[in-house]
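K.L.:
Task: produce atomic coordinates for the following.
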Amino acid sequence: MKRITQPFTSLALVILSMCFVATTSASTPARANMNATTAVLDHCIVTANPLSVGTYDPTVNNASSGVDLQGSTTLSVACLTGLHAWIGLSQGSNPNTGSTDAVPLRQTLYGTNKLNYELYQDAGLTTLWGNVQPSSGLSQ
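P.N.:
Next up is the predicted model:
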């Protein structure tokens with residue numbers, strides 16, 4: 001039986017030289033600096049829960065008692081650190097004559113009838129919520 005060692009030796013030299021080339025290039029990595037930039041937006045998130053005041057009865061219950069319906073809800077504001085926000089409420093979709101952003105005269109429509117309503121910043125109903133500073137509420 002005759003052995004041939006020449007092809008094996010040549011193959012070993014090729015593999016060894018490939019390893020040498022790979023080792024040589026891996027041991028001298030190229031380095032460079034890369035500048036990276038980003039923009040951070042001034043950002044606040046406002047969350048408003050629904051407001052319900054119940055059923056208004058203008059002919060019996062509310063007309064005879066003179067008691068307005070009241071309801072409450074919560075608004076939440078979350079801003080990035082260092083940002084300050086104020087929340088203003090518009091005059092609504094159907095403002096009454098003479099309504100302004102500072103003193104809104106809001107009204108809602110039911111068919112062709114109009115019902116006045118007010119929105120306040122506090123539970124004591126002392127600070128009307130407008131749409132200009134400082135009459136706007138909820139500042140952070």
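K.L.:
and the residue sitting nearest the centre point of the chain, helix, strand or coil?
P.N.:
Nearest residue to the geometric centre of the chain (Cα atoms, centre = their mean): I45, 3.3 Å. Under DSSP: H, G, I helix; E, B strand; the rest coil, the three-state class of I45 is strand.
K.L.:
quick one: contacts for the residue nearest to it when sequence neighbours are not counted?
P.N.:
Of all residues not flanking I45 in the chain, A78 sits nearest, at 4.9 Å (Cβ to Cβ, 6 or more residues apart in numbering). Where you see a C-beta, it was placed from the backbone N, CA and C, and this is true even at glycine. Residues near A78 by Cβ atoms under 8 Å, 6 or more residues apart in numbering: 44-45, 47.
K.L.:
How about the contacts made by Q107?
P.N.:
Q107 makes contact with 92, 94-96, 114-117, according to Cβ under 8 Å, 6+ apart.
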